[in-house]
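Asker: Give me a 3D structure for the following:
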Amino acid sequence: MRLLALILGLLIALPALGAEHRVQPGPGRLAEAIAGAAPGDVLVLTDGAYPGPVTIDRPLTITGPEGAVVDGQGQGTVITVDAPDVVLTGFTVTGSGWQNKDLDAGVKILKGADRARIDRLVLTDNMHGIDVHGGRDAQVTANRITGRQNRQMNERGNGIYVWNSPGTLLDGNVIRYGRDGIFSNASADSIYRNNILRDLRFAVHFMYTRNTEVSGNTSIGNHLGFAIMFSDRAKILNNLSLGDREHGLMLNYANNADVTGNLIRGGAKKCLFIYNAHKNLIWDNRFEGCGIGIHFTAGSERNVLTGNAFIGNREQVKYVGTRFMEWSHEGRGNFWSDHPAYDLNGDGVADGTYRPNDLIDHILWSQPAAALLTGSPAVQLVRWSQSSFPATLPGGVTDSHPLMRPLTIPVPPRIEAFEAEVAGRWAKGTYDDIDPDDIASH
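Answerer: From the prediction side, this is the model:
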C-alpha cells in the first residue's frame, strides 16, 4: 500500500504533457494558434509563410522546419517572448523593423520571460537577431544569424544583444554581418561559448558585464575581436581571433579577468591592447603576426603576464610609461621570437633577460617624425649604450625569465578555410565607419 501511494504521489507531481497542434501557414494563423493554446502546448509549423509580428504570452513550444518562415513584414520585433518557459526551435524568423532605437529584433525575450530556449532558428534580415532583454537563464543555442549589411556599420543591429539578463547561455551560434556579433550590456553570470562570428564590427563586446565566461569562440575578419570594456571578472578562455583588423583582444577598464589559451594572429594592428585595466591574469596565450604584440598603457597595474608567446609581431611591446614592469611570474616568463637567447642548463628558460623597448622607442612613440633618424650613428650609439648598461634605461618592460619555446594552439581545418578567405582584406582599405579606440562610437 505504501508503494502504491508513493507511485500515485509521483504521478500527481508530474506536470501534465501539453497537447500538440499543427498550425497551417497563412495570415493570422500563428497568432490565432497562440491565443487558443493552453500553457505547455506544442505548436508545430509546416513549410510556408506565417506573417507576423506575434507575441507569445504563455509557456509554449513552437517548432518547425527551416521552410516555415515567420515574417515580421518590417514591423517592430517579429516574435516577442513575454512568458516564462517558452521554446522556439527549427524555423526561420525574418523581416523585423528598422528602428535601432526601439531594438527591433527577430526574437525579443522580455523581463519575466525566464528560461527561454531559442534553438536552431535561422534568423535573417532583422535589425537585431535575438535580443535577450531582461529574461533570466535564457539558452540561445545553435542558431544561424545573418545580419543586415547597411553601408554604415553603426546603423546595423547586433547578432545577439544581452541586456540585464543573468544566467544567459549562448552556445554554438553562427553569426555573420551586422554590427556586433554578441553585445553584452549590464549583464552578469553568463556563458558565451563556441560561437563563430564573422564580418562584424566587434565579435564580442562587453560593457558593464560581470562574472561572464567567453570561451571557445572564433572571431574571423572582424574590425575587432574581443572588446572587454568597463567589466569585472571576465573569463576569456581558448578563443581565436583570426584576421581581425584593429585589436584581437582589448581590455579597457576591465579588471580581475582571467585571459588564457587564446590565439590571436593574422595582421591586427594590435594583438592585445590593455588600457587602464588592473589585476588581470594573462597567461598561455599566443599573439602572432600583428603590428604590435601588446600595447600596454594608461596606468594599468598589478597584471600578471606569463607563459605567453609573442611571435613575428613588427613591434613586440609598446609600453607607454616610465615605471619598471616585470613580465614574469614565479620564474616563468614569456616567449619572444626576437630574443636571441641561450639556455645552457636546459631548463627551458633563457639565460638572458628580455627588454623590448629603449629610450629611442619612447621618443618615436611621442615624436613619430624622429623615425627618419633611426639609422643615424648617434641613435645606434644610444641603443648600444642602453643595451650594455641597463641602468640607463628609462623604465619599461622586463622579462627576467623568458621562455625558449612557444606554446602552440591548433586551429581546426574548417576555421583555417574561413581565415584564408579574409587574408589581406584590410590591405584593401575596407574600414567602414568605426574607430575602435573612440568609446563614443561603441
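Asker: just checking, residue 164 touches residue 187?
Answerer: Yes - between residue 164 and residue 187 there is a contact under C-beta atoms under 8 Å: 5.7 Å. In this view, the C-beta of every residue, glycine as well, is placed from N, C-alpha and C.
Asker: Those two: who's more crowded?
Answerer: Taking neighbours as other C-beta atoms under 10 Å, residue 164 and residue 187 compare with residue 187 leading, 25 against 16.
Asker: ok, now how distant is the more buried one from residue 308?
Answerer: 29 Å (C-beta to C-beta, to the nearest Å).
Asker: what's the answer for residue 407, then?
Answerer: As judged by C-beta to C-beta, residue 407 and residue 308 stand 8 Å apart.
Asker: overlap in contacts of the two?
Answerer: 284, 286, 335 (C-beta atoms under 8 Å, 6 or more residues apart in numbering).
Asker: What about those residues, which are in strands?
Answerer: 286, 335 (DSSP state E).
Asker: could the shared contacts of residue 407 and residue 308 be laid out in TSV, adding neighbour count?
Answerer: As requested, the shared contacts of residue 407 and residue 308 are exported to TSV (neighbours: other C-beta atoms under 10 Å):
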residue	neighbour count
284	16
286	20
335	22
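Asker: okay if I get the shared contacts of residue 407 and residue 308 as TSV plus pLDDT and distance to residue 348?
Answerer: Listed next are the shared contacts of residue 407 and residue 308 as TSV, based on pLDDT from 0 to 100; distance: C-beta to C-beta, whole Å:
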residue	pLDDT	distance to residue 348
284	98	14
286	98	17
335	96	10
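Asker: Identify the residues contacting stretch 107-119?
Answerer: Counting by C-beta under 8 Å, 6+ apart, residues outside stretch 107-119 touching it are 77-90, 93, 121, 123, 129-143, 164-165.
Asker: now the shared contacts of residue 407 and residue 308 in a markdown table, with distance to residue 230?
Answerer: Below are these laid out as a markdown table (distance: C-beta to C-beta, whole Å):
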| residue | distance to residue 230 |
| --- | --- |
| 284 | 26 |
| 286 | 27 |
| 335 | 31 |
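Asker: So which of the shared contacts of residue 407 and residue 308 is the closest to residue 345?
Answerer: Among the shared contacts of residue 407 and residue 308, residue 335 lies closest to residue 345 (C-beta to C-beta), at 17.5 Å.
Asker: now that closest one: how far from residue 305?
Answerer: Noted for residue 335: a distance of 12 Å to residue 305, by C-beta to C-beta.
Asker: for residue 98, same thing?
Answerer: Distance, residue 98 to residue 305, using C-beta to C-beta: 45 Å.
Asker: Kindly report the same for residue 213.
Answerer: The value you get for residue 213 to residue 305, if C-beta to C-beta is used, is 21 Å.
Asker: Compare those two and say which is more crowded by neighbours.
Answerer: The neighbour count for residue 213 versus residue 305, taken as other C-beta under 10 Å, is higher for residue 305 (25 against 17).
Asker: just checking, the more buried one is part of a strand?
Answerer: Yes - applying DSSP: H, G, I helix; E, B strand; the rest coil, one finds residue 305 inside a strand.
Asker: Quick check: beta-bridge partners of it?
Answerer: Here residue 305 sits in beta bridges with residue 282, as judged by DSSP bridges.
Asker: so it touches residue 282, yeah?
Answerer: Yes - contact criterion C-beta under 8 Å: residue 305 and residue 282 qualify, at 4.9 Å.
Asker: hmm, who's touching stretch 410-427?
Answerer: Applying C-beta under 8 Å, 6+ apart, the contact partners of stretch 410-427 are 196, 198, 218, 220, 221, 240, 242, 243, 245, 263, 266, 267.
Asker: Check stretch 93-101 too.
Answerer: For stretch 93-101, the surrounding residues in contact (C-beta under 8 Å, 6+ apart) are 52, 69-79, 104-107, 121-128, 155, 157.
Asker: Any buried residues in that stretch, and which?
Answerer: Within stretch 93-101, the residues scored as buried using 16 or more other C-beta atoms under 10 Å are 93, 94, 95, 96, 97.
Asker: out of the residues you listed, which one sits closest to residue 275?
Answerer: The closest of these to residue 275 turns out to be residue 96 (C-beta to C-beta; 34.8 Å).
Asker: Please report the distance of that closest one from residue 128.
Answerer: In terms of C-beta to C-beta, residue 96 sits 7 Å off from residue 128.
Asker: Find residues that contact each of these two.
Answerer: Applying C-beta under 8 Å, 6+ apart, one finds that residue 96 and residue 128 are jointly contacted by 104, 105, 106.
Asker: and residue 425, how many residues sit next to it?
Answerer: For residue 425, the neighbour count with other C-beta under 10 Å is 16.
Asker: OK, contacts around residue 31?
Answerer: Residue 31 sits next to 52, 54 when contact means C-beta under 8 Å, 6+ apart.
Asker: so how far is residue 55 from it?
Answerer: Plainly put, residue 31 is 8 Å away from residue 55 if you go by C-beta to C-beta.
Asker: and what of residue 348?
Answerer: For residue 348, the distance to residue 55 - C-beta to C-beta - is 61 Å.
Asker: In terms of packing, which of these two has more residues around it?
Answerer: Between residue 348 and residue 55, counted using other C-beta under 10 Å, the more crowded position is residue 55 (16 against 12).
Asker: partners of the more buried one in the sheet?
Answerer: Beta-bridge partners, per DSSP bridges, of residue 55: residue 80.
Asker: distance of it from residue 176?
Answerer: Following C-beta to C-beta, the distance that separates residue 55 from residue 176 is 28 Å.
Asker: how about the strands in the stretch 301-442 of the chain?
Answerer: 304-306, 309-311, 315-319, 324-326, 335-336, 396-398 (DSSP state E, counting those that start in this stretch).
Asker: Contacts made by the longest one with the rest, please.
Answerer: Contact with strand 315-319 is made by 291-297, 310, 325, 336-338, 356-357, 361, 365, 396-397, as judged by C-beta under 8 Å, 6+ apart.
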